[in-house]
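>>> need coordinates for the following:
(2 chains)
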There are 2 protein chains.
Amino acid sequence: MLDPLDDAHYMRKALQEAELAYEKNEVPIGAVIVVANRIIARAHNLTELLNDVTAHAEMQAITAASNFLGGKYLHECTLYVTLEPCQMCAGALYWSQIKRIVFGAVDERRGCSTMGTKLHPKTEMIGGVMEEQCGEIIKRFFIEKRNLN
Amino acid sequence: MLDPLDDAHYMRKALQEAELAYEKNEVPIGAVIVVANRIIARAHNLTELLNDVTAHAEMQAITAASNFLGGKYLHECTLYVTLEPCQMCAGALYWSQIKRIVFGAVDERRGCSTMGTKLHPKTEMIGGVMEEQCGEIIKRFFIEKRNLN
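Residues are numbered from 1 along each chain as shown, chains lettered A, B, ... in the order given. As a prediction, this is how the structure comes out:
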């Protein structure tokens, strides 16, 4: 039986956030931050709506989680994000000293692994959780974009 | 004769921002963003006050400049920042496709050069502008911190 609190459970919540981004015509990437089996932050990419390259899902989730916790360190938290974090987001996660990063699809061009971004020594990162669904929504978004232009 | 609009001129403005951070008991780092000889964004580090690792001077300046310009790309802009940007900030600057980054003091531990962060191919970066003054205020901050503890 599937544990309802496993990684796929929270990745589905991150995917729901990606769907919200999709509906707003944003590159559909979503994130949630979890501590002690509780979601304390939800966010989705808003770079177009806000005209702001810093408005990635992860960045907003980090800010929201810190607000919730009343502290800037996310030592006991796990971030679930549908796409592998970029340099900026991995760099922010470095400062947060987050415990775990779980991502869905790999970003072969601009993901932090390809770019060589350093994670904090306290941080564990795993990828490929619900990889197919997380990648599919992004592909669908760009195919539709292409067909409209 | 010194050109009043040279790099040192704008770095002094960034240093004024660092002084504001110092007064708030924040690690004293300041930044301004300039386009066509006009300062369109000023910011200083607020990570402690906001309890938010993403509140570096550069990140706030990028958001403010994008708001001012009404667009997320900073193609014609120069960022002046008193300390070499970290992975997060250099990663954000990558997305912004900013024209120039001018920094003051080198961050040998966590600067983007040491960390190997990739800049956008369109971006030129130079360091060492008013290096001594930019580094001195940070040293002064940490010496005072140490003496208080």
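>>> could you find the closest non-adjacent residue to the most centrally placed residue in chain A?
Ranked by distance to the mean C-alpha position of chain A (C-alpha atoms, centre = their mean), the top residue is A:Val81 at 2.4 Å. In space, A:Val81 comes closest to A:Ala31 once its chain neighbours are excluded; the distance is 4.2 Å by C-beta to C-beta, 6 or more residues apart in numbering or on different chains. Every residue, glycine included, has its C-beta placed from N, CA and C.
>>> just the strands in chain A please.
Under the criterion DSSP state E, chain A contains strands at A:30-35, A:38-44, A:78-83, A:100-105, A:124-126.
>>> and the ones you listed as a markdown table, adding mean pLDDT?
A markdown table is the format used below for those (pLDDT from 0 to 100):
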| stretch | mean pLDDT |
| --- | --- |
| strand A:30-35 | 98 |
| strand A:38-44 | 98 |
| strand A:78-83 | 98 |
| strand A:100-105 | 98 |
| strand A:124-126 | 98 |
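>>> just say which of the ones you listed is most tucked in.
strand A:78-83 (a mean of 28; mean count of other C-beta atoms under 10 Å in any protein chain shown).
>>> contacts for it, please.
By C-beta atoms under 8 Å, 6 or more residues apart in numbering or on different chains, the residues outside strand A:78-83 that reach it are A:7, A:10-11, A:13-15, A:17-18, A:28-35, A:57-58, A:61-62, A:89, A:93, A:98-105, A:107, A:111, A:129-130, A:134-135, A:137-138.
>>> over to stretch A:113-121?
Under the contact criterion C-beta under 8 Å, 6+ apart, stretch A:113-121 has outside partners A:84-87, A:90-91, A:93-98, A:101, A:106-108, A:112, A:125, B:87, B:91, B:115-118.
>>> which positions in chain A make contact with chain B?
Applying C-beta under 8 Å from any C-beta of the partner chain, we find that chain A lies next to chain B at A:47-48, A:50-54, A:59, A:62-63, A:66-67, A:70-73, A:86-92, A:94-96, A:115-118.
>>> now with 6 Å?
Residues of chain A lying near chain B by C-beta under 6 Å from any C-beta of the partner chain: A:51-54, A:59, A:62-63, A:66, A:71-72, A:87-88, A:91-92, A:95-96, A:115-118.
>>> and those residues, which are buried?
The neighbour-count test (16 or more other C-beta atoms under 10 Å in any protein chain shown) marks A:51-54, A:59, A:62-63, A:66, A:72, A:87-88, A:91-92, A:95-96, A:115, A:117-118 as buried among the residues of chain A next to chain B.
>>> where does chain A dip in pLDDT?
A:1-5 (pLDDT under 70).
>>> re the thing from before, of all the strands of chain A, which one is nearest A:Ile143?
strand A:100-105 (15.2 Å; C-beta to C-beta).
>>> now for that closest one, which elements pack on it?
Applying 3 or more C-beta pairs under 6 Å, 6 or more residues apart in numbering or on different chains; DSSP states H and E, we find strand A:100-105 packed against strand A:78-83, strand A:124-126, helix A:131-148.
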